[in-house]
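Enquirer: structure for this input, please:
(2 chains)
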Amino acid sequence: MPKRTDIHTILIIGSGPIVIGQACEFDYSGTQACKALREEGYKVILVNSNPATIMTDPETADRTYIEPITPGVIEKIIAKERPDALLPTLGGQTALNTALTVSERGILDKYGVELIGARADVIQRAEDRILFKETMEKHGIPCLKSQLVHNLDEAIAAAEEIGFPVIVRPSYTLGGTGGGTAYDMEELKDIAAGGLKASLNTTCLLEESVLGWKEFELEVMRDKNDNCVIICSIENVDPMGIHTGDSITVAPVQTLTDREYQDMRDAAITVLRAIGVETGGSNVQFALNPADGRMVVIEMNPRVSRSSALASKATGFPIAKIAAKLAVGYTLDELPNDITRETPACFEPTLDYCVVKIPRFAFEKFPGARPLLGVSMKSVGETMAIGTNFKEAYQKALRGLEIGVDGYDLKYESTAASISDLAVELQKHRADRHRLIKYALKNGFSAAKVCELTKMDPWFIDNFQQIIEIEAEIQQAKELDADLLRKAKSNGFSDRQIAELRKKDGLDEHKVRALRKQHGILPTYRLVDTCAAEFEAYTPYFYSSYQTMDQSRVTDKKKIMVLGSGPNRIGQGIEFDYCCVHTVFALREMGYETIMVNSNPETVSTDYDTSDKLYFEPLTFEDVMNIYENEKPEGVVVQMGGQTPLNLAVPLMNAGVPIMGTSSDSIDIAEDRKRCRELLERLNIKQAESGTATTLEEAKVIAERIGFPVMIRPSYVLGGRAMMVASNESELEPFVQAAFEASPGHPVLLDDYLDRAIEVDVDVLCDGENVHVGGVMQHVEQAGIHSGDSACATPPHSLPDDVVEEIKDACIRLAKDLKVKGLMNIQMAVKDKEIYVLELNPRASRTIPYISKATGVPLAKMAAKVSAGQTLDQLDLRVRQKFESWCAVKEAVFPFNRFPGVDPILGPEMKSTGEVMGIDTCFELAYWKSQIAAGQVLPSSGNVFISARDADKDWMVDIARKLHVVGYGLIATEGTLHALEEAGLKADMVHKLSEKTSPTVLDRMKKGEVDLVINTPSGPIARADEVVIRSEAILRSIPIITTRDGAEATLDAVRHMINRDWEVHALQDFYA
Amino acid sequence: MKACIALEDGKVFEGESFTDEGETTGELVFNTAMTGYQEILTDPSYHGQIVTMTYPLIGNYGINAADAESYKPHAAGLVIGECSRIASNYRSEISLPEYMKQNGMFGVHHVDTRAITFHIRSKGAMKCVMSSIDLDPDSLVAKAKASAGLVGRDLATEVSVPEAKEWPAEGEARFKVAAIDCGIKINQLRILNAMGCTVRVFPANAVAGDVLAARPDGFFISNGPGDPEGAKDSIALVKAILDQNVPTFGICFGHQLIGLALGGKTYKMKFGHRGANHPIKNLLTGRIEITSQNHGFCVDPDSLPEEVEMTHRNLNDNTCAGLRHKTKPVFSVQYHPEAAPGPHDSRYLFQQFLDLMAGVHA
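Expert: Residues are numbered from 1 along each chain as shown, chains lettered A, B, ... in the order given. Have a look, this model is predicted:
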């Protein structure tokens, strides 16, 4: 039965900004789906607020809406485009929830739009805890014993039936507050009482605890003929209790017998049928009691997920693409397996390698957040590695994580915990548990003891133990001979790791490499082919392993290698993957064979048909060099993937690798503070006073010279790690210490902090001679807030034209002087009409996708062509915006809701995980859209809580007056209230938290009487009560503004939008 | 302990023994299932074959008595990537290497199993010797060349029960089944017993009269090793069974014997089907089953007489995966509906067999 011909136009909802739990995997799946559906002749309408995606490229869909993902917006788009169907299963939970709301509001019925992939009732059955359980029970699928209780007596009875430990989950609370795990009846009484109180409808769910059980996931696909296949099985190394997104996971499952595995397979398929997923991919999670094999279903997602992206990369099976085709009526047997071409997609991939995924965390960005893992996901990115055994894959993944380790190396032995605490600490789900495990195994803990404490399967602990044994063997061997070297390499040891272990021989990475080559110990490259080599495979997707057979099919075509950006982290995310993908597209257009190297399974760049060849490998010198020597490309692109590849530029160049684009000397000038200052002086361009200190004493002298406030930042770190503003000498010392700790061995940079300056980002493209200014972006927040965290607008919304021209002129001169070949990002500050250069980044920047979408000029693609030798006059660089007046605003999105108790304020250290764009005909409207898209739904009426330090009271009063004029009520504490009253404004008084008298602002928030919070931090070290207020606002999703500029922009937008509706526009309509 | 794996075409692979020292001969094949090494080792169909597991990490969950498919391992040898040092599963009773040693079986690991798979896929399954005693490639290749191979040999009788044996139904016995044991997997018996069949198991070369005298409600022809055309006695026996017009169900080797007995031909495949992920289309319903497979020979559907129709097709290579007689209550499949190891999608075929027997009753 071929595809459906009764539908022609399909609306796809994307997942919006990158947040914890929803990252670029949905760009990967959405892009695949768009391609797959258009291939079949359907018209695709896409909505996604995230400009840093391949799916929102104007070429990916027929109609592209970079608009907020809300039910209202979906209705506007449906009314305009009149699609026949809505496919909600490819944009994560955001798309699923939005589609469900749209359906429940009757919008789909009104416009005759069919939900395909998952019907509304299917989504409800999968998402609603109670409905899900009922459905499972009806179909005889074991799930957790649980009971809803409404009072303490019911709770006691339920606990007796379920048994201890029992988990208490209050319904309708914020961020899971009020619940807990009870180990006996006394504890239960306490926790249940608290839970019932915390619940808005005095209801708690009591649930059997499966803490410490083994966790598994199956990725299932089903077609309309009820054909079901398992694409991938995944086993969590971490036990139940740690979110699967935060767990180290491995594919395929390692510790299940066939009988257990097949029972799980049967259950997964039954779950899909019971929930009623008609077509597409789903993810079913299981817990299994290692003591007796009892298996229960935990949950299922009736959509593609983070795990399905991982499963696709782990197996080579394109789940999202196939899911899209199944949604329009194909069956699995009608679709070919792209990889083998001959065999159908209706089969179950089989692996002949081991895949390990390791998450990456960012706790250091959020002082006060405890680095403990639990049921709420905390990781910001992940890396995947493939090896022939677990040890190889695990160690490759560790070095792919880019956290300064070279494998399960010696750094994994230092820990703050003492041996006596170890037994306790191992039981906590610490983010650094693998350090503790190694430390414990090396210090007398038996493997069995470690298993008991960590609840990890003995098989995994034994593998860790094996790594430790091989490590000792390398350390203790008389000589590092060929056999030992081969053994080390085939178990995943990196050259650096080996060198460190053989320090006594005076080895370094390069010497180990030379020794290896001398013995002929080279990696072989193997195909990821879905079929364990049973059939011929055509897709060029490779991983390295120290085996005998190489399959890398090296050609003699002219080729270029592109280095990706590795795991997502704060400061280096999807924007750089976007740039890498565009580079590959451009180079392919120019006829090059493109070779992509990356280790991030969530990305479009690691889709096997993005580049001509994909090497799924860690981005280290060793791994990249191995591929280089195997492939011998004409050049390597390092300027697109952010700091990760840029850091490899010098070592690669020293090893004789030709680096494409800007010369490394120019890169050095831009990155080296001293040389950069000389350049700026020579070009007569101002920069903020600055200095470089290697000791605290030096720092003090420099600060004295510059004058307070000074900005302190470590060198060689991303995303403004440990950047702070010191406003006096007493603040200087701790901040400088922190900066030294953030980047040990490197100097600390001190800059004049330009108070109340306007910050500007500029991206330029240069072919070595001519320069094109891609865009000038004016930040909304003042200089001092990290550029990645600040909202910004292009064209600049309030800078005078002559200043903008002066900015452009300075950038052009800089690019020419540095003979940039490709992209350069310049950060500047404007104060009193004077411009100052803050930073030069001779690479693609975070703003490239946003500025490209705003102007219609794909800068990354153009830059790739320039680095491969084209000149600007060969490129079409016309800004395609056809409206006389337009504005695009980028707004950052923050993960504060994941870190309760952490102060959600902005500073020089980047904290945002993602971004959204609002685009329209004026700044106010674009900003309004960007706020909605970022989840800050600005109220058009209601109460605003205002609180400011004394220094801010003047402007705060001004804002309060404007709010009052347009009808908002004001709430304030005594100090602010006083200032407001002096200005003739009325406000409701609330007590300071420290007064412990009702009502406080928290009481008003709880009653739902606060609709907006404007609260500026009192100083670099915030008072406890303001942190509580700000985090409470985050928990309750009350929009919060912590800067003057943010408040002013918001107020402008709110005032502009009074009595005004707004329209949605497809990107294609902006462009001429 | 170093070991060598030498093929008849002169190719030699290196590895290390993970059992005692030894030397073994057989046809080298590969299996792509990621779980179920125990079921594979104990499946009598692997008699005379050295099995390479394409999934490299084997032995992780040990060995337990309940999952055995026969009373001992039958494969001539095992080749894997890495044998687990520990057995981690609550049902594990003994580790894989210990179990193999107890049964005198030779196993080699630290082998590039993908290279072996690639070689077999390109050149076909072939005769092989692997040894930790003799490490001389020339000598080993010569031994491989000189070894007997599978074609034309009757291996089924070598693994069959020596004399008839009864497997009683669980609970109330609804049907009497006579099974021809060509190398039967216990799970076939477990399922039939669980469904209320008392099964009398006969040797592969049993005298037809003895089998027919059991007057069963249905006949079951099991899987088994080797070349079906070599099993002359069994073919004759199946012919006699088919003449009875009694419900008859064949699996794998049994399917091939039925094909031959009905006048069709079988042929040796290049490297066969061994794994747990083969898509089979049921041509009668249009549904797809993911199946467990283990065969190196195949029925040529074009050779079948007109009264026989193909009911199942392997979607990977379009080979014949099932047939039925248009007028007689006879059907068979090339794959393993009893799974073990593998997916349970095809269990319905046992019900189909029971329904046929029930129909004859009615």
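Enquirer: and the residue of the stretch 601-750 of chain A nearest chain B?
Expert: residue A:616 (16.1 Å; C-beta to the nearest C-beta). All C-beta spots, glycine's among them, are computed from the backbone N, C-alpha and C.
Enquirer: local confidence estimate at that residue?
Expert: Listed pLDDT for residue A:616 reads 98.
Enquirer: that one and residue A:539 touch, don't they?
Expert: No. The pair formed by residue A:616 and residue A:539 falls short of the contact definition of C-beta atoms under 8 Å, at 12.0 Å.
Enquirer: which of those two has more neighbours?
Expert: The residue with more neighbours, out of residue A:616 and residue A:539 and counting by other C-beta atoms under 10 Å in any protein chain shown, is residue A:616; that gives 27 against 20.
Enquirer: check contacts around that one.
Expert: Under the criterion of C-beta atoms under 8 Å, 6 or more residues apart in numbering or on different chains, the neighbours of residue A:616 are A:313, A:384, A:385, A:386, A:528, A:541, A:542, A:543, A:598, A:599, A:601, A:606.
Enquirer: okay, these in TSV with neighbour count next?
Expert: Converted to TSV, the contacts of residue A:616 look like this (neighbours: other C-beta atoms under 10 Å in any protein chain shown):
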residue	neighbour count
A:313	30
A:384	28
A:385	28
A:386	26
A:528	25
A:541	24
A:542	26
A:543	24
A:598	30
A:599	30
A:601	24
A:606	27
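Enquirer: and residue A:292, which of the three is it?
Expert: Secondary structure state of residue A:292, per DSSP: H, G, I helix; E, B strand; the rest coil, is coil.
Enquirer: residue B:90 versus that one, what's the distance?
Expert: As for residue A:292, its distance to residue B:90 is 6 Å (criterion: C-beta to C-beta, to the nearest Å).
Enquirer: how about the residues of the stretch 1-150 of chain B by chain A?
Expert: B:13, B:30, B:32-36, B:38-39, B:54-57, B:60-61, B:64, B:66-67, B:81-82, B:84-86, B:88-91, B:112-115, B:117-118, B:121 (C-beta under 8 Å from any C-beta of the partner chain).
Enquirer: list phi and psi for residue B:109.
Expert: phi -130, psi -170 (degrees, to the nearest 10).
Enquirer: any idea what it is bridged to?
Expert: Residues in a beta bridge with residue B:109, per DSSP bridges, are residue B:16.
Enquirer: again, but for residue A:761
Expert: Taking DSSP bridges, one obtains residue A:777, residue A:827 as the residues bridged to residue A:761.
Enquirer: state the mean pLDDT of stretch B:268-281.
Expert: Across stretch B:268-281, the average pLDDT comes to 97.
Enquirer: put the alpha carbons of it into CSV.
Expert: Once side chains and other backbone atoms are set aside, the C-alpha atoms of stretch B:268-281 remain, and they are given as CSV (Å, rounded to 0.1, in the frame of the first residue of the first chain):
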residue,chain,number,x,y,z
LYS,B,268,23.3,-25.0,-0.4
MET,B,269,23.3,-21.3,0.2
LYS,B,270,26.4,-19.2,0.0
PHE,B,271,26.6,-18.5,3.7
GLY,B,272,23.1,-19.2,4.9
HIS,B,273,20.9,-17.4,7.4
ARG,B,274,21.9,-17.4,11.0
GLY,B,275,20.6,-14.7,13.3
ALA,B,276,17.5,-13.4,15.1
ASN,B,277,16.6,-10.4,12.9
HIS,B,278,15.4,-11.9,9.6
PRO,B,279,12.2,-10.3,8.2
ILE,B,280,9.8,-12.9,6.9
LYS,B,281,6.6,-11.9,5.0
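Enquirer: related to what we said a few turns ago, please pick the buried ones from the residues of the stretch 1-150 of chain B next to chain A.
Expert: The neighbour-count criterion (16 or more other C-beta atoms under 10 Å in any protein chain shown) marks B:13, B:30, B:32-36, B:38-39, B:54-57, B:60-61, B:64, B:67, B:81-82, B:84-86, B:88-89, B:91, B:112-115, B:117-118, B:121 among the residues of the stretch 1-150 of chain B next to chain A as buried.
Enquirer: all strands for the stretch 151-300 of chain A, in order.
Expert: Counting by DSSP state E, counting those that start in this stretch, the stretch 151-300 of chain A forms strands over residues A:166-170, A:180-182, A:204-208, A:214-222, A:228-236, A:249-251, A:280-288, A:295-301, given from the N-terminal end onward.
Enquirer: and the ones you listed as JSON lines, adding distance to chain B and mean pLDDT?
Expert: Supplementary listing: the strands of the stretch 151-300 of chain A in JSON lines, determined by distance: least, C-beta to the nearest C-beta, whole Å; pLDDT from 0 to 100:
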{"stretch": "strand A:166-170", "distance to chain B": "24", "mean pLDDT": "87"}
{"stretch": "strand A:180-182", "distance to chain B": "24", "mean pLDDT": "85"}
{"stretch": "strand A:204-208", "distance to chain B": "19", "mean pLDDT": "90"}
{"stretch": "strand A:214-222", "distance to chain B": "10", "mean pLDDT": "97"}
{"stretch": "strand A:228-236", "distance to chain B": "6", "mean pLDDT": "98"}
{"stretch": "strand A:249-251", "distance to chain B": "10", "mean pLDDT": "98"}
{"stretch": "strand A:280-288", "distance to chain B": "10", "mean pLDDT": "96"}
{"stretch": "strand A:295-301", "distance to chain B": "12", "mean pLDDT": "94"}
